[in-house]
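# When you get a sec, could you give me coordinates for this:
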Amino acid sequence: MALDLVTGANGHVGNNLCRELLARGRRVRAMIRASADAAPLAGLDVEIVRGDIMDPASTAAAVQGCARVFHTAAGFLMWSNDPERDIIRPSVDGTRHVMEAAARAGVEKVVYTSSSGTIGHSSSPDQIFDETHSNTEPHTHYLRGKIAAENEAFAIARRTGVAMTSIHPGLILGPRFWKPSESVAQIVQFVNQGAPVYFDGGFSVVDVEDVARGAVLAMEKGRNGERYILAGENITVKQLFDTMAELTGLRAPGLKLPVPVLRVAAGAMELVSKLTGQRPMIDRSQVDEFGGKWAYFDCAKAKRELGYTYLSARETIRRTVAWVIERGFVPEKRRRALHVDPSLAAGAPGATA
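Prediction:
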């Protein structure tokens with residue numbers, strides 16, 4: 001039976017993708033770094049290979065013998081003391097190494113995991129983007145890297161003739177993360193600390209399992225050279241906080257902080273971070289990217305061509321909060337202070353596993 005390679009297989013998308021492929025009867029080779037924690041893959045019938053997409057030789061070895069490649073590995077970071085090293089280069093150089101190795105090995109197809117952030121965002125909630133739009137003014141190092149990496153992937157695919165389709169997930173939440181990603185960290189932070197304020201803005205919330213299924217559909221049905229948005233329900237920042245508050249019994253933030261004030265606060269946090277060496281809770285580039293911005297998307301193309309579907313935002317948030325609580329991301333004292341919705345109880349419909 002043909003073999004599928006998943007890069008970044010221990011990540012949030014990666015390990016859920018491995019599970020989806022196994023459920024479909026596929027053989028899976030899971031590529032993770034030498035220092036990576038393999039706990040997300042425990043108990044799965046996958047072939048684990050240690051390697052680094054920044055190393056062309058180990059990348060080529062991982063690709064060899066595989067019929068299909070799902071490239072999910074990237075530096076999903078919004079802040080670093082050295083963003084070029086930690087964020088941009090892993091996205092761009094790593095993608096180049098995977099695509100070139102796939103072309104040399106003669107794989108059938110590559111599905112490249114990009115981001116809905118490369119599609120764009122608007123200053124109005126009335127504007128909803130599809131795949132014909134591209135982000136030409138990214139403010140974060142992460143999106144600069146993802147845009148450059150996506151361009152690199154398509155350029156190599158055109159030059160070498162290797163078949164490739166890109167997927168563009170929305171704000172990924174959902175279960176089975178062993179280390180909080182930039183997205184789910186917002187949920188962990190709210191459950192543990194609450195939130196005193198909110199700000200204008202919104203995003204398209206998608207469950208990681210829907211992204212995993214969408215990636216497989218893109219491999220099987222996606223047209224060569226095409227982009228597919230794998231997003232979900234479009235909600236505001238306030239709706240996200242309100243839903244988390246409803247599920248946990250915590251107080252939802254009632255004070256809306258104007259974006260200019262938020263940016264001043266972010267600047268102060270950056271100054272403190274220079275002294276401490278620790279990451280600021282939010283920096284000015286993130287405010288410029290997300291504050292007063294709506295990343296709302298239309299998944300009609302993926303629905304029509306791939307048969308893509310997604311859970312509601314509330315169900316996705318519920319599954320995320322349930323995982324956060326059940327898997328020990330909340331100290332016991334804090335956990336006892338929560339008044340959780342009955343739907344979060346173990347054994348409830350859709351409970352995580």
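
# low-confidence ranges in the stretch 251-353 of the chain?
279, 281, 289, 346-353 (pLDDT under 70).

# At which residues are the helices of it located?
Secondary structure of the stretch 251-353 of the chain, counting by DSSP state H, counting those that start in this stretch: helices at 259-276, 284-290, 300-306, 313-326, 332-337.

# and what of the chain?
Listed in chain order, the helices found in the chain under DSSP state H are 12-23, 56-63, 83, 89-105, 141-160, 185-193, 208-221, 237-248, 259-276, 284-290, 300-306, 313-326, 332-337.

# just checking, what packs against the second one?
Identification of packing neighbours for helix 56-63 by 3 or more C-beta pairs under 8 Å, 6 or more residues apart in numbering; DSSP states H and E yields strand 3-7, strand 27-32, strand 47-50, helix 89-105. In this view, the C-beta of every residue, glycine as well, is placed from N, C-alpha and C.

# circling back to that earlier point, so for Thr72, which of the helices of the stretch 251-353 of the chain sits nearest?
Taking C-beta to C-beta, helix 300-306 is the member of those nearest to Thr72, at 17.1 Å.

# Export only the CA atoms of that closest one, formatted as PDB.
Output for helix 300-306, consisting of C-alpha atoms alone and laid out as PDB, is shown next (Å, rounded to 0.1, in the frame of the first residue of the first chain):
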ATOM      1  CA  ALA A 300     -17.800  27.900  -1.100                       C
ATOM      2  CA  LYS A 301     -15.000  26.600  -3.300                       C
ATOM      3  CA  ALA A 302     -13.900  23.900  -0.900                       C
ATOM      4  CA  LYS A 303     -17.500  22.900  -0.300                       C
ATOM      5  CA  ARG A 304     -18.300  22.700  -4.000                       C
ATOM      6  CA  GLU A 305     -15.100  21.000  -5.200                       C
ATOM      7  CA  LEU A 306     -14.000  19.000  -2.200                       C
END
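
# what comes into contact with it?
With C-beta atoms under 8 Å, 6 or more residues apart in numbering as the test, helix 300-306 has contacts from 130-131, 214, 217-218, 221-223, 228-230, 308-309.

# hmm, back to that, need the helices and strands packed on helix 56-63 in a markdown table (columns: mean pLDDT, distance to Glu332 and mean neighbour count).
Shown next, in a markdown table, are the helices and strands packed on helix 56-63 (pLDDT from 0 to 100; distance: least, C-beta to C-beta, whole Å; neighbours: other C-beta atoms under 10 Å):
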| stretch | mean pLDDT | distance to Glu332 | mean neighbour count |
| --- | --- | --- | --- |
| strand 3-7 | 98 | 35 | 26 |
| strand 27-32 | 98 | 31 | 24 |
| strand 47-50 | 98 | 33 | 14 |
| helix 89-105 | 94 | 36 | 22 |
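
# Can I get these in TSV including distance to Gly292?
Formatted as TSV, the entries for the helices and strands packed on helix 56-63 read as follows, by distance: least, C-beta to C-beta, whole Å:
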stretch	distance to Gly292
strand 3-7	35
strand 27-32	38
strand 47-50	43
helix 89-105	26
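
# Out of those, flag the one nearest Glu152.
Distances from Glu152 to each of the helices and strands packed on helix 56-63 were compared by C-beta to C-beta, and the smallest falls on helix 89-105, at 5.4 Å.

# Out of the helices and strands packed on helix 56-63, flag the one nearest Phe241.
Distances from Phe241 to each of the helices and strands packed on helix 56-63 were compared using C-beta to C-beta; the minimum, 29.9 Å, belongs to helix 89-105.

# who does that closest one touch, helix- and strand-wise?
For helix 89-105, the elements it packs on are helix 56-63, strand 68-71, strand 109-113, helix 141-160, judged by 3+ C-beta pairs under 8 Å, 6+ apart.

# How about Asp45: what's its closest non-neighbour residue?
The shortest distance from Asp45 to any residue other than its chain neighbours is 6.3 Å, reached at Leu22 (C-beta to C-beta, 6 or more residues apart in numbering).

# How many neighbouring residues does the one you found have?
Here the neighbour count serves as a burial measure; for Leu22 (other C-beta atoms under 10 Å) it reads 15.

# Equivalent analysis for Glu270, please.
Taking other C-beta under 10 Å as the neighbour definition, Glu270 ends up with a count of 16.

# what sits against the residue nearest to Asp45?
Going by C-beta under 8 Å, 6+ apart, Leu22 touches Val28, Leu44, Asp45, Val46.

# For the second one, which non-adjacent residue is closest in space?
Closest residue in space to Leu44, ignoring its immediate chain neighbours: Cys18 at 5.9 Å, by C-beta to C-beta, 6+ apart.

# Over to the first one?
For Val28, ignoring the flanking residues on the chain, the nearest one in space by C-beta to C-beta, 6+ apart is Val46 at 4.4 Å.

# residues contacting that neighbour?
Applying C-beta under 8 Å, 6+ apart, we find Val46 in contact with Ala9, Cys18, Leu22, Val28, Arg29, Ala30.
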